[in-house]
Every structure is written in structure tokens, then in C-alpha cells.
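*Asks:* A predicted structure for the sequence below; I have some questions about it.
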Amino acid sequence: MNITFIGAGNVGAALACRLAEAGHHVVLAEARDGSPTVAAALARSSRLRRAPVEEAVRAAEIVFLATPFAANEPVVAPLADALAGKVLVDCTNPVGPGLAHGLKSERSGSQVLQSLAPKARVVKAFTIYGFENLEDASYPAYAVLPAMLFCGDDGAAKALVGQLITDTGFEPVDVGGLVQALHLEHMTLLWVRMVRAGGHSPGLVWAALRR
Ligand SMILES: NC(=O)c1ccc[n+]([C@@H]2O[C@H](COP(=O)([O-])OP(=O)(O)OC[C@H]3O[C@@H](n4cnc5c(N)ncnc54)[C@H](OP(=O)(O)O)[C@@H]3O)[C@@H](O)[C@H]2O)c1
């Protein structure tokens, strides 16, 4: 698939490298002139390409957004037309002071993102763990894969993202419509509080067991 990343930091670079290694055509959008993270990611993998942001978005089937939440509006609003019809994977999390929900739990960051690009097909994914697990999702001692919970309103978009989740080594677990994004964002805060503040291993992931 043709995939464009806006944001190539901890999360964007990890996923871009993994998806390029899996055989996808991955472009890093130059959202800011001289972005140090784009340069660093390009140095990590010779399979990655770079392009000006609007050109990169228009050429993509799937666009990953992996910017700080505060940057979403200035980055995405000017791209609303270019994003029409595209699958927009929201990797961002609104995190407020004290590791509280950055939008006071009144609305999810993904719903705000959808309002910035109303014709994009927003799917929230790759948010519930730290970037360490996006770099390396292998848990060879276990017979199950780590679960990646994701949500969105467009079934075809979710099918594409589910394949990318599989390609990065996770079990895709569709938790429903975009209305579920708020709950994924709280799940992220739980993980962050446990791991970044509470001393649990950054390798902590969830698995979906069924009977
Ligand atoms: N860190 C984690 O473990 C983790 C895990 C899951 C989800 N998330 C979420 O993923 C998102 C990215 O986190 P991260 O840790 O990858 O952040 P990061 O390492 O700081 O990278 C942020 C990226 O966004 C770009 N950026 C920042 N402000 C921008 C702006 N105004 N316009 C255009 N590009 C801008 C940066 O480009 P430059 O090179 O120009 O600075 C960089 O490529 C956040 O929303 C975070 O909550 C983080």
C-alpha cells in the first residue's frame, strides 16, 4: 500500500520502518522545513522516501498522523481537501496535565481530528502502548500475539488498517466505531500511568483471550 506519515518521531519512525520492511511504499511527509525527525528516520531505513506534505498526502491511500496532539489542528486543517477519502490513522493522544485526558474526557481526540478533516476516514490505532512495542511487537514466549485495539466508523478503512496491524506483528482487535476512541485514549493513559509513572515494564502489552 502507499502510506504517508505525518510525524516521524518515536511513533512515526517506528511504524514507518516496520511497514516499509513489510513491503509497503512509505513516504515521510515534510510537514516542517528541515525536520530533524524526518532526516533521522530516513537514515534508519533506505526504503523510506520523503516528499512535501500535500504531495505526500495526495499520493497516499493511507495517511498516518503521529504528531503531538497540539499540532493536529495546524497540521491537518490545511490538508482537509487533500485528505478527503483517505484513510487517516490517528496515532495521537490528547494528554493533559497530571496524565489526565487532554480534552477533559468530554470528547476524544479522534473525534476532534475527524472534525478537522470531515471527509477523511479516521481510524484510531497504534495508540495504546508506548513506541517501544511499535518498534518490536515480538513476544516469542507466548502463543498469542499482543492485541492492538482500534476503532473507526468506516468498515473498509478498518479492514485496511487491520491488515497493517497484522503486518506490524499485532492481533487486530476492532472495538467498534469512532465513539470508542475516548475509551482507547483512557486505555492509553492507564498504560502510560502504569509504565511511565508506575514502574511497570515498557514491554507490557495486552492480549485478547477468548472462549
Ligand atoms: N511516545 C509514545 O510512546 C507514544 C505511543 C503512542 C502514541 N503516541 C502519540 O503519538 C504522537 C507522537 O508521539 P511521539 O512520541 O512520536 O512524538 P515525537 O517523537 O515528539 O515526534 C513528533 C513528530 O511530529 C512532528 N511535529 C511536531 N510538531 C509539529 C508541527 N507543528 N507541524 C508538523 N510536524 C510537527 C515532529 O517533527 P519535527 O522533526 O519537525 O520535530 C515529529 O516528527 C503523540 O500524539 C503521542 O501522544 C506516543
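*Replies:* Alright, I've got the coordinates.

*Asks:* and the helix or strand harbouring L182, what other elements does it pack with?
*Replies:* Assigned by DSSP states H and E, L182 falls within helix 181-192. Using 3 or more C-beta pairs under 8 Å, 6 or more residues apart in numbering; DSSP states H and E, the elements in contact with helix 181-192 are strand 100-101, helix 109-116, strand 147-152. (Glycine included, C-beta is placed from N, CA and C.)

*Asks:* Tell me which of the ones you listed sits nearest to V63.
*Replies:* helix 109-116 (11.2 Å; C-beta to C-beta).

*Asks:* in that closest one, what's buried?
*Replies:* Buried positions in helix 109-116, judged by neighbour count with 16 or more other C-beta atoms under 10 Å: 109-114, 116.

*Asks:* can you give me phi and psi for V173?
*Replies:* phi -120, psi 110 (degrees, to the nearest 10).

*Asks:* tally of neighbours for the residue in the chain that the ligand sits nearest to?
*Replies:* Residue nearest to the ligand within the chain: G9 (1.9 Å; C-beta to the nearest ligand atom). A total of 18 residues lie near G9 under the criterion other C-beta atoms under 10 Å.

*Asks:* same question, the one 5 residues further on
*Replies:* A count of neighbours around A14, defined by other C-beta under 10 Å, yields 23.

*Asks:* Now name the helix or strand holding it.
*Replies:* helix 10-21.

*Asks:* I'd like to know which elements that helix is packed against.
*Replies:* Against helix 10-21 (3+ C-beta pairs under 8 Å, 6+ apart) you get strand 2-6, strand 25-30, helix 36-44, strand 62-65, helix 131-135, helix 155-167.

*Asks:* Now do the first one against strand 25-30, angle only.
*Replies:* When you say that, I think you mean strand 2-6. 30 degrees (axes from the mean of the first three to the mean of the last three C-alpha atoms, to 10 degrees).

*Asks:* Since that was my last question, I'll sign off now.
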